[in-house]
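**Student:** Pasted the sequence and its predicted model underneath.
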Amino acid sequence: MIVTLHLVALALYGVATALTLAPFMGFRSAPRALTIAIPCAGAAVHVVAVSQLTLVGLGPALSMLALCLVLLQLASERLLRGSAVSFFAGPLATGLVGLAILSGLAPGAETVGARNTWFVLHVALSALGLALMALAFIAAALYLLQFRELKARRFGQIFQRFPPLERLDQLNRVALVAGFPALTLGVLLALGYGAQFSGGLHVAKAQIVWGIFTWVVLGWAVWVRVVRHWAGRRAALASIAGFCAVLLVYVALKLTLPGAERFL
Amino acid sequence: MTGHTEMGIKVVGVNHRTAPLDVRERFAHGAHEVPGALARVMAAGASGGVLLSTCNRTEFYLVADDEPALEAVWSLLGERLPTSGPPTGGAREYGYIARDRDAVRHLYRVSSGLDSMILGESQIQGQVREAWEASRAQAGPVLHRLFQTALHVGSRVRTETGLGMGTASAASAGVAVAGKIFGDLAGRSALILGAGDMAELAATCLSDQGVQITLVANRTQERARAIAERLGGKAVSLEEAWPHFATTDIALCSTAAPHAVVTWERVGTIIGARRRKPLCILDLAVPRDVDPAIAQLENVFLYDVDDLQTVAAQATARRRDEIPAAERIVEEETDLFWAWYGGLGVVPTIKELRARMDDVRATELERVLRQLDHLSPDDRAQVEQFSQALLNKFLHEPTITLKKAAEEGRGYGLLEAVRRLFGMEPPA
């Protein structure tokens, strides 16, 4: 049932992504209502699927991350009055759901405490923090693309369909500023859960290293935006660099450190 | 265009296709002139009138006979032409007339932006509304309905088709490009270099979006002052404008200078002091006002008239693709209006006419039967039946004609005639 629901969500996200990207491939734009209704339907199915998941292991974590990303995409589309975020968020969420299905959605051996509220909140808030970081990355990428087109005086699809620079800059800032407390709470809940219920943290060292690294990178990105008042192109580059660093460190840790089989 | 001359809907006027700018300017009516102009045309026999006057058209929408109301319009417009110079055919030479269904379709095309100089522009919708409101007292029920539906048609076309997509003039393209940098333009500041028509038009477009025009700089102060006063800014000399490149969000350049006036030497350091705050420079002048080297600064977005015309041309091309869909809506709505107009009041008028005639019949019958009191009840019934049959015979042809005219969309004129002939109240 969980897999079937994920497959339905995957199909709906796939259709929504195809509709969103259609104008870039020379097809007519789909009606806006449709490009919103389909991911909404996908998210509804996905919520049902995630509510039945045991949030342990890579598959469930990816599924949760994809769901957060789609919900943020829908929220930011309302904020930006355009579908530009879905150009990136759509394929990313579709890919994440696909990966989640391939990784296996059934709980692993370590399910003790997986229904504990602290644990569920830890997973949900960490996924939300990461999704907001991904959203900041997407806004930054859209910003740089739109910036390049505007500087080069090209008035094609990107100029027409992407939101204004100022709005993308705001989205990047809001996503970072909201993502940091979410991830911080996620990390704190993990520590609290370990101390309260498990008598310590029983996870791979790699997971702790990556979690702390991600938190530091996100904190740095927020610091340069809020304290150092970085904005525009420089802030966009910082967001992209931070997000890429988090991904690279994840891959590097997954490949090199012992205990990687239990690592997210 | 049909050739019948009975009371019906007419549009008579001039537009950007039929008259040059200097003639259109003469024919343009300010809001305060509308009631007087309409009163003159109404005095010539029109039963309803609306005057739509913009910079691109002056059109009288009338419910009238062809003559003399139309003659009154030509005469009224002709008085605005110069009396000196070679004799011409008067205002008629620049104008056109559309009647009935064509007149309805014409207004629908106007309100949709299909008849605009800039295809699909939306300003006309507001102008149609203003014209209707200014002429409300003189419009009459048919034109009220016509203008009300015209606004609905304009909205439908803009909502259901892409006719209003994008921006279709260089000035509005400048606004669109600035919008892609700053998002909401309300509260942004702009300085204007130059005080020509193009500068004024573009500044007005920016001002309409909520941009605060802080400075208007020009070699001659008088013209700059006029624009600055109108848009709420301050008139300065060009030399005084350079330091403001450090703070303004948008610089709109449209001077008549034969060479670049915004040079690296004049503003390079000043713009550099902005750090990373973006500056959008719209150079609408030919030859260009702005040294292209300034665009090398990371925070400067410089667009010349070619760039803006590219944006406008893309929008126009996209809009052209939408013309068939927009024309379909216009045709559909014209059919609906025509069906309403054709059948306007036919049934109640026929009922009222029959009732009146029946009253006359009954009164006369009663009078006659009083004089013929020797008649038997059967004979009296025969006489009454005869009167009824006679009335039906008399009313048969007019009823059929009215219904047929209604079906063909010519009912309103005939109804008016019937109502006048039989002394009935005009329809609500």
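**Tutor:** Cool, the structure landed. Residues are numbered from 1 along each chain as shown, chains lettered A, B, ... in the order given.

**Student:** Specify the local secondary structure of the closest residue to chain B within the stretch 1-150 of chain A.
**Tutor:** Proximity to chain B, evaluated over the stretch 1-150 of chain A using C-beta to the nearest C-beta, is greatest for residue A:150 at 5.4 Å. No exception for glycine: its C-beta is placed from N, CA and C like everyone else's. Remark: residue A:150 carries the secondary structure label helix [criterion: DSSP: H, G, I helix; E, B strand; the rest coil].

**Student:** ok, for it, nearest residue in space, not its chain neighbours?
**Tutor:** residue B:301 (5.4 Å; C-beta to C-beta, 6 or more residues apart in numbering or on different chains).

**Student:** Which neighbours in the sheet does whichever strand or helix holds the one you found have, and how are they oriented?
**Tutor:** For residue B:301, the element it lies in under DSSP states H and E is strand B:300-304. Applying DSSP bridges, strand B:300-304 is found paired with strand B:279-283 (parallel).

**Student:** and the strand it pairs with, C-alpha only, in PDB?
**Tutor:** Presented in PDB, the C-alpha positions along strand B:279-283 are these (Å, rounded to 0.1, in the frame of the first residue of the first chain):
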ATOM      1  CA  LEU B 279      20.400  50.300 -11.100                       C
ATOM      2  CA  CYS B 280      18.100  49.900 -14.100                       C
ATOM      3  CA  ILE B 281      18.900  52.300 -16.900                       C
ATOM      4  CA  LEU B 282      16.400  52.600 -19.700                       C
ATOM      5  CA  ASP B 283      18.000  54.400 -22.700                       C
END
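
**Student:** So which residues make contact with that strand?
**Tutor:** B:174, B:177-178, B:181-182, B:202, B:245, B:248-254, B:262, B:271, B:289-290, B:294-295, B:299-305, B:308 (C-beta atoms under 8 Å, 6 or more residues apart in numbering or on different chains).

**Student:** and the chain, what are its domains?
**Tutor:** The chain I'm using is chain A. Structural domains annotated on chain A: A:1-115, A:122-264, as defined by automatic domain parsing.

**Student:** let's do chain B instead
**Tutor:** Each domain of chain B is listed here as a residue range: B:8-164+B:322-342, B:170-315, B:346-421, per automatic domain parsing.

**Student:** and the longest one, does that touch chain A?
**Tutor:** No - legend: contact between domain B:8-164+B:322-342 and chain A by C-beta under 8 Å from any C-beta of the partner chain is lacking; minimum distance shown is 9.2 Å.

**Student:** Just the terminal-to-terminal distance for that domain.
**Tutor:** Across its full length, domain B:8-164+B:322-342 reaches 10 Å end to end, with C-alpha to C-alpha, to the nearest Å as the criterion.

**Student:** same deal with stretch B:368-381?
**Tutor:** Taking C-alpha to C-alpha, the first and last residues of stretch B:368-381 lie 13 Å apart.

**Student:** circling back: just give me the lowest mean pLDDT stretch among the domains of chain A.
**Tutor:** Comparing the domains of chain A by mean pLDDT, the weakest confidence falls on domain A:1-115, with a mean of 85.

**Student:** Not counting residues beside it along the chain, what's closest to residue A:68?
**Tutor:** residue A:131 (3.5 Å).

**Student:** Could you pull up phi and psi at residue 147?
**Tutor:** Defaulting to chain A. As for residue A:147, its main-chain torsions (degrees, to the nearest 10) stand at phi -60, psi -50.

**Student:** Run a quick check on it versus residue A:165, I expect a contact.
**Tutor:** Yes - applying C-beta atoms under 8 Å, one finds residue A:147 in contact with residue A:165, separated by 6.1 Å.

**Student:** list residues touching both of those two?
**Tutor:** Between them, residue A:147 and residue A:165 share the contacting residues residue A:232, judged by C-beta under 8 Å, 6+ apart.

**Student:** quick one: the strands in the chain?
**Tutor:** As the question left the chain open, I've gone with chain A. Assignment of strands within chain A using DSSP state E yields no ranges at all.

**Student:** my bad, chain B
**Tutor:** Ranges of strands within chain B are B:8-15, B:48-53, B:57-64, B:96-99, B:189-193, B:212-217, B:234-236, B:250-253, B:279-283, B:300-304, based on DSSP E.

**Student:** Run through the residues of chain A sitting next to chain B.
**Tutor:** Contact residues, chain A versus chain B (C-beta under 8 Å from any C-beta): A:146, A:150-151, A:153, A:155, A:159-160, A:163-167, A:170, A:231-234.
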